[in-house]
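Engineer: sequence isn't available, so here's the structure alone:
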């Protein structure tokens, strides 16, 4: 065995070099072995950095996974249907109480038809005009029937995900999700009429959390 400092031959069991006095049992933790060449010990910062970089590359290579697709739920208009039914009944009662003739009943029927037609048009526009899609990295929202406009929010840009439900919405299992993000186009995005709103909001928030971890960002620091 040789002294790492002076290179003189020493005993295997020696703790100090008999020539230069260097401590021999600390050599394994030293960064300066014989010859003066500086090396990185096993498990040192360089190896740790290389390992972390390799893990990041592997994470970045993971394919984008589709998590959810959806749109406006028909049951989200239950309140509007209830109002429409009440208006219809009210028109019948007024027509009977006023004793309107054939012309009056025709007007009532036309008004009823217009009220119901309006609600169906609103429902069709909401169901066909909005579509949502969530992946492990992004949230897509598409609007329009004849002309589609698709925007996306990166999961890593989402700052907060929340949802709300009225009493009636809780009874039918729908609600509105609010997404706050640093996206310039939609810093505040509200998506209405979502079925299983609690579960969908959880999936969006989980995708946001996992993407930030995958990219190596500390959530509290953003």
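Structural biologist: Yep, that arrived. The structure displayed is predicted, hence computed values, not measured ones.
Engineer: where do the helices of this structure begin and end?
Structural biologist: Using DSSP state H, the helices of the chain run over 45-60, 78-98, 102-129, 167-172, 197-214.
Engineer: return the set of buried residues in the shortest one.
Structural biologist: Meaning helix 167-172. 169, 172 (16 or more other C-beta atoms under 10 Å). Every residue, glycine included, has its C-beta placed from N, CA and C.
Engineer: and if you look at stretch 74-90?
Structural biologist: 76-77, 84, 88.
Engineer: between those, which sits nearest residue 140?
Structural biologist: The nearest member of the buried residues of stretch 74-90 to residue 140, counting by C-beta to C-beta, is residue 76 at 20.1 Å.
Engineer: excluding chain neighbours, what is closest to that closest one?
Structural biologist: In this structure, residue 76 finds its nearest non-sequential neighbour in residue 193, 3.2 Å apart by C-beta to C-beta, 6 or more residues apart in numbering.
Engineer: and residue 68, by the same measure?
Structural biologist: Residue 68 sits nearest to residue 134 (C-beta to C-beta, 6+ apart), 4.3 Å away.
Engineer: wait, doesn't the residue nearest to residue 76 sit right on residue 70?
Structural biologist: No: contact criterion C-beta atoms under 8 Å: residue 193 and residue 70 do not qualify, at 9.3 Å.
Engineer: neighbour count for those two, which is higher?
Structural biologist: Higher neighbour count among residue 193 and residue 70: residue 193, with 22 against 16, using other C-beta atoms under 10 Å.
Engineer: what pLDDT is listed against that one?
Structural biologist: Residue 193 is assigned 94 on the pLDDT scale.
Engineer: of the helices of the chain, flag the one that's most buried.
Structural biologist: Mean neighbour count (mean count of other C-beta atoms under 10 Å) peaks for helix 197-214 among the helices of the chain, with a mean of 18.
Engineer: ok so, going back, okay if I get the helices of the chain as CSV plus distance to residue 153 and mean pLDDT?
Structural biologist: What follows is those, written out as CSV (distance: least, C-beta to C-beta, whole Å; pLDDT from 0 to 100):
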stretch, distance to residue 153, mean pLDDT
helix 45-60, 19, 56
helix 78-98, 28, 90
helix 102-129, 19, 91
helix 167-172, 24, 92
helix 197-214, 10, 92
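Engineer: is it correct that residue 111 is in contact with residue 91?
Structural biologist: Yes: contact status for residue 111 versus residue 91: in contact at 5.9 Å, counting by C-beta under 8 Å.
Engineer: count of neighbours near the residue nearest to residue 68?
Structural biologist: For residue 134, the neighbour count with other C-beta under 10 Å is 20.
Engineer: could you give the bridge partners of it?
Structural biologist: Note on residue 134: beta-bridge partners residue 68, residue 139, judged by DSSP bridges.
Engineer: stretch 140-147 spans what distance, first to last residue?
Structural biologist: End-to-end distance of stretch 140-147: 16 Å, with C-alpha to C-alpha, to the nearest Å as the criterion.
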